[in-house]
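Undergrad: give the three-dimensional model of this entry:
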Amino acid sequence: MKIISLYFRAWMAMIVCMSKPIHYAVAVVIKNAANPNEFLVVRRPESDPDLGGNWGFPAVTLKEGELPEQGAERACREKLHCNAKATRFLGVMHQKRNGYDIALMDIEMWLDGNELPDVRTATTKNTKYTDQKWSIDPMDLMPSAQHGSCCSSIFLNDCGLLDRSAWIASLEGSGVIG
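TA: Next up is the predicted model:
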C-alpha cells in the first residue's frame, strides 16, 4: 500500500495549483470474503445535492495530513461501523464541481474479522447513507456514473465497462461548472 501513498503525494502536488478549493477524497470498495465477487454499495440520501438517491461507494474527504489508506479505514469505521484493510488501488479521478473541485481515488478493501458493515449504525457527522446492499453486478453503478459519480466511474473503468477516453471527455465539465 506504500505505492498508493507515493502516488497520492505526486497527484496532490500536481493538482495543488488549481484555482478553486480542492477536496481530496477516498471511496472504499468493500469486498466480501465469503463471496469475492460481491462488493458493498450504499445509497446516498435523497437530499444530497449532487447524487441524491444514487448507489455508490462509501467515501470520505481526507483530513489534513491523512493518507488515503488511513482515510479508507476511517470511512469503514465512520460510515459502515466496521473495520477493513486496504488491498488494491483502483484508480483516481479529478472533477470540477460548482464550489470546489474533487480529487477522488477508489481503494479496494477486505473486511477484518466477522464484522459486517451497517450504515444504520454509522457514527459519521457528514453524509450518512440510507441503505446498503451486496452486489455482484457492476452495472448497478452505471446510473450514478452517468450522473457524474467519481467512485462509480472509477470502479466501472477498472471493470472494463467504461471506455476511458470517452469517459474522460464526458466529464470535462460544462458552462455551469467552472
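
Undergrad: what helix or strand is the most centrally placed residue in the chain located in?
TA: With distances taken as CA atoms, centre = their mean, Ala27 lies nearest the centre of the chain, 2.4 Å away. Under the criterion of DSSP states H and E, Ala27 resides in strand 22-32.

Undergrad: helices or strands next to that strand in the packing?
TA: strand 35-43, strand 59-61, helix 68-80, strand 84-96, strand 101-111, helix 150-158 (3 or more CB pairs under 8 Å, 6 or more residues apart in numbering; DSSP states H and E). C-beta coordinates here come from the backbone N, C-alpha and C atoms, glycine included.

Undergrad: what about 10 Å?
TA: Strand 22-32 is packed against helix 2-15, strand 35-43, strand 59-61, helix 68-80, strand 84-96, strand 101-111, strand 131-135, helix 150-158, with contacts defined by 3 or more CB pairs under 10 Å, 6 or more residues apart in numbering; DSSP states H and E.

Undergrad: between those, which gets nearest to Ser165?
TA: Closest to Ser165 of the helices and strands packed on strand 22-32 is helix 150-158 (CB to CB; 10.6 Å).

Undergrad: okay, now Asn98: neighbour count?
TA: For Asn98, the neighbour count with other CB atoms under 10 Å is 11.

Undergrad: what pLDDT does the model give it?
TA: According to the prediction, Asn98 has pLDDT 75.

Undergrad: surely it touches Pro21?
TA: No. Applying CB atoms under 10 Å as the test, Asn98 and Pro21 come out as separate, 11.4 Å apart.

Undergrad: for the protein, give me the ranges with low pLDDT.
TA: 1-19, 164, 166-178 (pLDDT under 70).

Undergrad: make it 50
TA: In the predicted model, the chain carries pLDDT under 50 at residues 174-178.

Undergrad: please identify the most buried of the helices and strands packed on strand 22-32.
TA: The highest mean neighbour count among the helices and strands packed on strand 22-32, using mean count of other CB atoms under 10 Å, belongs to helix 150-158: a mean of 24.

Undergrad: let's see it as PDB, backbone CA atoms only.
TA: C-alpha atoms of helix 150-158 as PDB (Å, rounded to 0.1, in the frame of the first residue of the first chain):
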ATOM      1  CA  CYS A 150     -16.400   9.700  -9.500                       C
ATOM      2  CA  CYS A 151     -16.300   6.500  -7.400                       C
ATOM      3  CA  SER A 152     -18.700   4.600  -9.600                       C
ATOM      4  CA  SER A 153     -16.900   5.800 -12.800                       C
ATOM      5  CA  ILE A 154     -13.500   4.700 -11.500                       C
ATOM      6  CA  PHE A 155     -14.900   1.300 -10.500                       C
ATOM      7  CA  LEU A 156     -16.600   0.700 -13.800                       C
ATOM      8  CA  ASN A 157     -13.500   1.800 -15.700                       C
ATOM      9  CA  ASP A 158     -11.500  -0.700 -13.600                       C
END
